[in-house]
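mind folding the following:
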Amino acid sequence: MGVGDLQTFLESPSLEGGAVSVDLLKIARNVTQRQQPHNTNRKIRPIGNKLKLIIDAENCLDRLYGGYFSDWACGGQWNRMVQFLSLLTRAIERGNIELAVVFNGTIEQCRMNEWVAEQANIRQRVGMVLKHINTKATPPPKIWWAPPTCLRSALRMALRHLGVTVMCTMDDHHQEVIAYCREYGFHGLLADDAEYAAFDPPRYFSAENLKLTYKGSVETKEYMISELTKTLKVTQEQVCIMAALLGNFLLPESDLQDLYKKLGLTKGENSAESNIKKLAEYVGTLPSPSNMDALVVAVFGIPEDKRASKFRQSVQYYLNGTASGFLKYCTPPTKSKKDKNKAQPQAPVSNEKDAANNVNVKTDDHDLDTSGFASETTEQEQETLQNYKQATAHSVVTSFDGLDVNLLKNINSDDSPLSSDSSRFNGISNGSVGSVKSIPGSSGQRVNLLVGNSSSNTSENSKNSPNSGSGSQKAQKQSVSNNAVTPSVSPDVLRTASLRHQKGLMAPTILHVLSTQEVRLPCLMEDEGNREFPPIHDIYGPLRKRVYAVLFNLHHLRYVHAKKKESGELPENVPQPDILVKEWIYSRSNPYQYAEEVKAEPLPWAVPTLQRLWFGPSVDDKRRRMRALLSCLNSDTPLILNTAYVPQHMLIMACVLRYIMSQDRPIMRRHELDAFLCHAFNPNLMNPQYLQELTLNVVTSRGVQLAALFMEGVEMALLANDACGAPLPWLMCCPWLYFDGKLFHYTLTRSAHAKNILEVCENYIERVVKVERMRKAILEGLDVKFAKVPLPPFAGGKSFYLVHYGPISPTLILWTNGKIPYRNAI
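As a prediction, this is how the structure comes out:
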């Protein structure tokens, strides 16, 4: 049971005409301006005859990734993803279609149980994937697909490259998506979510079935809500009642078991169809939602039933998403500014101790231009674009018409290859401050304001989920500081963070930290039962603590606290203030039962305030932004910024590898570090056709987890870059410039068997020089300790391994059946 049964019934063959195959390009040809309904509340009128579609990216991450690539578990094939998106966007542009892609950027407390269940499902699939790799050493089957680490960030950057409108929701994902769809005159929504079916969008297409075919058509299925209501003999308002009674995040199905028993509803894989029909018959006898009191009495018998308020909220939630409901609660423009200020107020000072430690930022920081990041100027964007073109100069540029026939014939299948369109990468069309202002919804008003009272009431009444309610008590008992203060956040910072978050220009975690002091960390591709290195989230824990300190001006807070102690304003025995952030992180002892409080750790130098980092225009501000980023990544060394050693587009990679190498416990082996570097300098890194034809003889569990470790490091580096005011241009952060999971695995296997690094670089001495120089910059000043290669177990007494460690590269000697070949592990 659950509201998902509504979507299952809509997709089932038993509902004749419920899901119809369509070609979006043909629909676009039939769209004219006069066919679009007139709506006086729209901020922007539909212009021309383009078919405007909004995509909920959360429902089609695998499709946007390019379909099913057999080597997705290796860490992500980012160049193939970019090439697929390039083909897709070109096809929809030629077909006169306009797209807006929306990602879930919320941290909805009321849906915490849904998020925990989703993570449990991913963790189960990850376990099966790693078990398969350990036993068969081959890529896992499609059924266990899980999003590669950093996929959402990579998609946002790639779509931004290609000029596609990208957005992130802020408070209530579903309501904001449907509200944006209605307010800005979109013709349809691509998703696969029962809640959208209850909202009845203008047209409802399947995101999961989105395909780009060899013929150049863009095909999917259209869900016919009219057929649903016709077959079930219910109105759209009654569909909202059905969605509420099926069970959802507001009124869980566990609270409705007596009603299900009364109606004869059963729980099972094949019971969705019969349950929906029985429930529809029952709902047809109920009063209209306009008479909510009578409706509550008809369902529960008495108006005072403890479930009555949840039921009211649930029905109203779905009604607010419908066309008529949207017009009723749509926030007037005169009120939106007030609500906007209410949505994220400056964090209050909670007690006297906080008041003693709370300080305002320097007065000269208020004179800064806060309209956008100071690092993002027109000159900087033009320079970055040139650097990007130079970095991708050796990429294989192909067109839709010129693709290899063998690659094109599978473009509509799950193993669809990609093509390239480097000329589409303008880096400005959807990324610069100037161009962003032209995007619908970017006029300064937040899309979530359209949701009105529906989402805000939901959030307030369900603020503490069952998990977070009990968890808050446990977290308080395990508090890591007795002098924690509630940080004060500048309105300028919150406004800038909100706008950048909404436009998909910033890591969503930034706004989560600033507004709620809470972070959710998802499950990753790592083996919980057989660890060769610590949990990945634990490895990047110190990095996150430094980011928190930067965001909340911890250094400045402690500096002023020390000055007050010197002047006698505070007693000498008052400890320095701490800032705590709650992290939802999975472990066997705490499987998302409660948030763990972590203490922010300041950088080891006088880092400026966040206002100065984000908005400071001077050369010194620029230098400090970069130093803050490097300090967060343990990479504040001279050679790391020397482009003769580390090219700018590989700076993120170098910093992440240095961070990993700087850990107290050795994680990486020598040949694994060289594998990362050698594959990054391989010219075939940006050749999707070569990568398509490349065959992996073996896939190792350790290689898969190393790739996940690295890509999570990239995710954290992107977070630190945004927190420090984006000192590194976003075009230089794109993962396809320096990593491909399949090529990394191939290079890793070669490096484990090669005699020397020249062999790994395919005997190209110039690549060896680049690798050696970059390795020198990464290891500069470190007490380098590589992880040791473990002794393999005996196999019937026929195999014996001896590993030598010394000043030279360790040599692995294998003795099998009297033959003694050797291989050098670099």
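
the strands in this structure, which residues?
19-23, 51-56, 97-103, 165-168, 188-190, 204-205, 211-212, 218-223, 518-520, 580-584, 596-599, 799-803, 811-816, 822-824 (DSSP state E).

next, the angle from the first one to strand 218-223.
Yep, that's strand 19-23 we're talking about. 150 degrees (axes from the mean of the first three to the mean of the last three Cα atoms, to 10 degrees).

minimum distance to Gly321: which of the strands of the chain has it?
Closest to Gly321 of these is strand 188-190 (Cβ to Cβ; 10.9 Å). Every residue, glycine included, has its C-beta placed from N, CA and C.

give me the mean pLDDT for the closest one.
Strand 188-190 comes out with an average pLDDT of 95.

for stretch 99-116, same thing?
On average, stretch 99-116 scores 94.

now stretch 488-499
92.

now do stretch 256-264
90.

that stretch: which residues count as buried?
Leu256, Leu259, Tyr260 (16 or more other Cβ atoms under 10 Å).

and the strands of the chain as a markdown table, adding mean neighbour count and distance to Arg767?
As requested, the strands of the chain are arranged in a markdown table below (neighbours: other Cβ atoms under 10 Å; distance: least, Cβ to Cβ, whole Å):
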| stretch | mean neighbour count | distance to Arg767 |
| --- | --- | --- |
| strand 19-23 | 15 | 46 |
| strand 51-56 | 23 | 40 |
| strand 97-103 | 22 | 37 |
| strand 165-168 | 24 | 35 |
| strand 188-190 | 24 | 43 |
| strand 204-205 | 24 | 46 |
| strand 211-212 | 20 | 35 |
| strand 218-223 | 21 | 40 |
| strand 518-520 | 18 | 39 |
| strand 580-584 | 21 | 40 |
| strand 596-599 | 18 | 41 |
| strand 799-803 | 13 | 27 |
| strand 811-816 | 14 | 23 |
| strand 822-824 | 14 | 18 |
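
export the ones you listed to JSON lines and tack on distance to Val714?
Converted to JSON lines, these look like this (distance: least, Cβ to Cβ, whole Å):
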{"stretch": "strand 19-23", "distance to Val714": "37"}
{"stretch": "strand 51-56", "distance to Val714": "24"}
{"stretch": "strand 97-103", "distance to Val714": "17"}
{"stretch": "strand 165-168", "distance to Val714": "19"}
{"stretch": "strand 188-190", "distance to Val714": "28"}
{"stretch": "strand 204-205", "distance to Val714": "32"}
{"stretch": "strand 211-212", "distance to Val714": "27"}
{"stretch": "strand 218-223", "distance to Val714": "31"}
{"stretch": "strand 518-520", "distance to Val714": "17"}
{"stretch": "strand 580-584", "distance to Val714": "19"}
{"stretch": "strand 596-599", "distance to Val714": "21"}
{"stretch": "strand 799-803", "distance to Val714": "31"}
{"stretch": "strand 811-816", "distance to Val714": "30"}
{"stretch": "strand 822-824", "distance to Val714": "30"}
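
looking at these, spot the one closest to Ile778.
With Cβ to Cβ as the measure, strand 822-824 is the member of those nearest Ile778 (21.2 Å).

which ones among the buried residues of stretch 256-264 are found in helices?
Counted as lying in helices by DSSP state H, out of these, are Leu259, Tyr260.

which of the strands of the chain sits closest to Phe615?
strand 165-168 (21.7 Å).

that closest one pairs with which strands?
Strands that pair with strand 165-168, judged by DSSP bridges, come out as strand 97-103 (parallel).

could you check the angle the partner strand makes with strand 51-56?
Using the same axes, to 10 degrees: strand 97-103 against strand 51-56 is 20 degrees.

nearest residue to the residue nearest the centre of the chain other than its sequence neighbours?
In the chain, the residue lying closest to the centroid (Cα atoms, centre = their mean) is Arg152, at 3.6 Å. Once flanking residues are discounted, Arg152 sits nearest to Phe103: 5.9 Å by Cβ to Cβ, 6 or more residues apart in numbering.

circling back: so which of the strands of the chain gets nearest Leu327?
strand 188-190 (17.5 Å).

which secondary structure elements does the closest one contact?
Judged by 3 or more Cβ pairs under 8 Å, 6 or more residues apart in numbering; DSSP states H and E, the packing partners of strand 188-190 are strand 51-56, helix 173-183, strand 204-205.

need the ones you listed in JSON lines (columns: mean pLDDT).
Converted to JSON lines, those look like this (pLDDT from 0 to 100):
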{"stretch": "strand 51-56", "mean pLDDT": "94"}
{"stretch": "helix 173-183", "mean pLDDT": "94"}
{"stretch": "strand 204-205", "mean pLDDT": "96"}
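
mind putting these into TSV with distance to Ala243?
Shown next, in TSV, are the helices and strands packed on strand 188-190 (distance: least, Cβ to Cβ, whole Å):
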stretch	distance to Ala243
strand 51-56	17
helix 173-183	11
strand 204-205	14
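
and those: which comes nearest Ser751?
Of the helices and strands packed on strand 188-190, the one closest to Ser751 (Cβ to Cβ) turns out to be strand 51-56, at 39.9 Å.

list of residues touching the closest one?
24, 27-28, 31, 46, 95-102, 173, 177, 180-181, 184-191, 193, 196, 205, 207 (Cβ atoms under 8 Å, 6 or more residues apart in numbering).

over to stretch 660-671?
533-534, 539, 634, 657, 673, 706, 709-710, 713, 748, 751-752, 778-779, 782, 784-789, 809-810, 825-826.

quick one, which of those residues are buried?
So, by 16+ other Cβ under 10 Å, the buried ones in the contacts of stretch 660-671 are 533, 539, 634, 657, 673, 706, 709-710, 713, 748, 751-752, 778-779, 786, 789, 809-810, 825-826.

so Arg544 touches Gly713, yeah?
No: under the criterion of Cβ atoms under 8 Å, Arg544 makes no contact with Gly713, lying 11.7 Å away.

now do the buried residues in the lengthiest helix in the chain.
In the chain, assigned by DSSP H, the helix with the most residues is helix 112-136. Under the neighbour-count criterion of 16+ other Cβ under 10 Å, helix 112-136 has 112, 115-116, 119, 122-123, 125-127, 129-130, 132-133 buried.

thinking again about what came up before, of the strands of the chain, which is nearest Phe373?
Between the strands of the chain, strand 165-168 lies closest to Phe373; by Cβ to Cβ that is 16.7 Å.

distance from that closest one to the middle of the chain?
How far strand 165-168 lies from its chain's middle: 12 Å, per Cα atoms, centre = their mean, to the nearest Å.

nearest to Asn483, out of the helices and strands packed on strand 188-190?
Closest among these, once you apply Cβ to Cβ, is helix 173-183, at 36.4 Å.

no further queries at this time; thank you.
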